[in-house]
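**Q** Build me a model from this:
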Amino acid sequence: MGTVIQLKNRINNSYFDLRNSVEEKLVLVEEKIKTKLNSEVSLVQKMTDYHIQTGGKRLRALLTLGSAKLCGYKKGSQDINLAACVELIHAATLLHDDVIDFSNFRRGKKTTNSIWGNQSSILVGDYLLSRCFEMMVENGNLEILKLLSSTSSIIAQGEVLQLQHKGEIDMLEETYLKIISTKTAALFSASTKVGAILANKKNKEKDALKFYGKNLGLTFQIADDTLDYNSEIKIFGKEVGNDFYEGKITLPIILLFQKTNNIEKQNLKDIFKKNKRTKNDLEFTLGLILKYNIINQCYKKAEHFINLASNSLSIFPNSDEKKVLENLTTFSLERSF
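**A** Okay, here's the model as predicted:
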């Protein structure tokens, strides 16, 4: 249990170090989002207010602000505008995700689709994206416009790819990595690369921050997916078993299916074929995960991407800004569960 608490503290500390380093600008990001989402349509206003106020870590906005600071961006407020922009892209994808996954709760609160219905949620998600594109055009930087518009396209394709493989318990690990690369890592990557573009850095720095963001995104998604099957910890506001009950095939299940015997494989197939999984199904699956030491194997996979992310920052000179971003990659993923 000690290693679990240690992990939680390290993650929280590295996150708050980044947040504290750009706190003043983050306040302006929140104001920008609120102003940009003003609508004369009462339902749109009500839904966007509710969705945005449900919180979240604002990690993608923080990465944009932190990378811009690392690259020495000081003139103007485009880092604030684009940090708001990446958060709106993320918020839109969550609205669409909840409809696709039939989710009723997110971060412990009812989802917008469970309150106002799927049709309104999809349209409000589209509204967030349209507001985001307005902000991109206002920025006037064609390289950033191309990056963020293509990122939105990549995320949408990732959603379809995940749907295409839904319930596929024998999914290849390669397919899983492709899904999370498009759905999660693509926006992390864009969020960090934007900072280098704003500061007019050379391609070397742009590519380094792009690579950093991508591998950080892969790490966070693998960690998030794995924590869903860790009965000892609740972190990031995520309840244990959420993905399981929704029937999502993530890395723990993929690795587990590879390790199990034929009888266990059939049991897992039967469980994930169900329209609704039970608490007993979860306990059975958790027992197999413990038996085959799957949690530890997942974190070893994530550790590979953490090392890649950390190494990509080596081209930047030592600074407080670099240290803050490095801290996000240095929390230990070794477990003794």
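
**Q** burial of E24, as a residue count?
**A** Neighbourhood size, E24 [other CB atoms under 10 Å]: 9. To be clear about C-beta, it is placed using only N, CA and C from the backbone, and glycine gets the same treatment.

**Q** May I have the residues that are in contact with it?
**A** The contact partners of E24, taken as CB atoms under 8 Å, 6 or more residues apart in numbering, number zero.

**Q** That one and T48: what is the separation?
**A** Relative to T48, E24 is positioned 24 Å away (CB to CB, to the nearest Å).

**Q** just H304 next, same as before
**A** As for H304, its distance to T48 is 38 Å (criterion: CB to CB).

**Q** the more surrounded of those two?
**A** A count of neighbours by other CB under 10 Å puts T48 above the other of H304 and T48, at 25 against 14.

**Q** quick one, phi psi at the more buried one?
**A** phi -70, psi -40 (degrees, to the nearest 10).

**Q** The helix or strand containing L288: which residues count as buried?
**A** Assigned by DSSP states H and E, L288 belongs to helix 279-291. Within helix 279-291, the residues scored as buried using 16 or more other CB atoms under 10 Å are D281, L282, F284, T285, L286, L288, I289.

**Q** Using TSV, lay out those residues together with distance to I222.
**A** Below are the buried residues of helix 279-291 laid out as TSV (distance: CB to CB, whole Å):
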residue	distance to I222
D281	23
L282	20
F284	23
T285	18
L286	18
L288	19
I289	15
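
**Q** now, the most widely separated pair of these?
**A** D281 and I289 (12.6 Å; CB to CB).

**Q** List the contacts of Q45.
**A** Going by CB under 8 Å, 6+ apart, Q45 touches L37, N38, S39.

**Q** Mind doing that once more with 6 Å?
**A** Q45 is in contact with S39, counting by CB atoms under 6 Å, 6 or more residues apart in numbering.

**Q** what's the distance between it and K202?
**A** Distance of Q45 to K202, given as CB to CB: 43 Å.

**Q** again, but for I289
**A** In terms of CB to CB, I289 sits 45 Å off from K202.

**Q** Leaving out chain neighbours, which residue sits closest to the residue positioned nearest the centre of the chain?
**A** By CA atoms, centre = their mean, the chain has its centre lying nearest to T184, at 4.8 Å. Of all residues not flanking T184 in the chain, Q221 sits nearest, at 4.3 Å (CB to CB, 6 or more residues apart in numbering).

**Q** Now do the same for the one you found: helix, strand or coil?
**A** Recorded secondary structure, Q221: helix (DSSP: H, G, I helix; E, B strand; the rest coil).

**Q** was I right about I271 contacting D281?
**A** Yes - contact criterion CB atoms under 6 Å: I271 and D281 qualify, at 4.8 Å.

**Q** about what we covered before: the residue nearest to the centre of the chain and G217 touch, don't they?
**A** Yes - in this structure T184 lies within contact range of G217 using CB under 6 Å: 4.9 Å.

**Q** Which strands and helices lie in contact with the strand or helix carrying A190?
**A** In the assignment (DSSP H and E), A190 maps to helix 186-198. Applying 3 or more CB pairs under 6 Å, 6 or more residues apart in numbering; DSSP states H and E, one finds that helix 186-198 makes contact with helix 59-70, helix 78-100, helix 142-164, helix 203-227.

**Q** Give me whichever of these is most buried.
**A** Ranked by mean neighbour count, the helices and strands packed on helix 186-198 are led by helix 59-70 with a mean of 28 (mean count of other CB atoms under 10 Å).

**Q** For N311, grab the count of nearby residues.
**A** 14.

**Q** just N242 next, same as before
**A** N242 has 15 neighbours, counted by other CB under 10 Å.

**Q** so what's the backbone phi/psi at the closest residue to it other than its chain neighbours?
**A** Excluding the flanking residues, the one nearest N242 by CB to CB, 6+ apart is D228, at 5.9 Å. The phi/psi pair for D228 (degrees, to the nearest 10) reads phi -60, psi -20.

**Q** Show the average pLDDT along stretch 252-261.
**A** For stretch 252-261, mean pLDDT is 97.

**Q** which stretches of this structure have low pLDDT?
**A** Within the chain, the set of residues satisfying pLDDT under 70 comprises 1-12, 55, 231-239, 330-337.

**Q** Try it again at 80.
**A** Confidence mapping of the chain against pLDDT under 80 gives the ranges 1-13, 54-56, 107-108, 139, 231-240, 329-337.

**Q** can you list the residues that contact stretch 289-309?
**A** Stretch 289-309 is contacted from outside by 212, 215-216, 218-219, 222-223, 226, 229-230, 251-252, 255-256, 259, 329, 333, 335, 337, using CB under 6 Å, 6+ apart.
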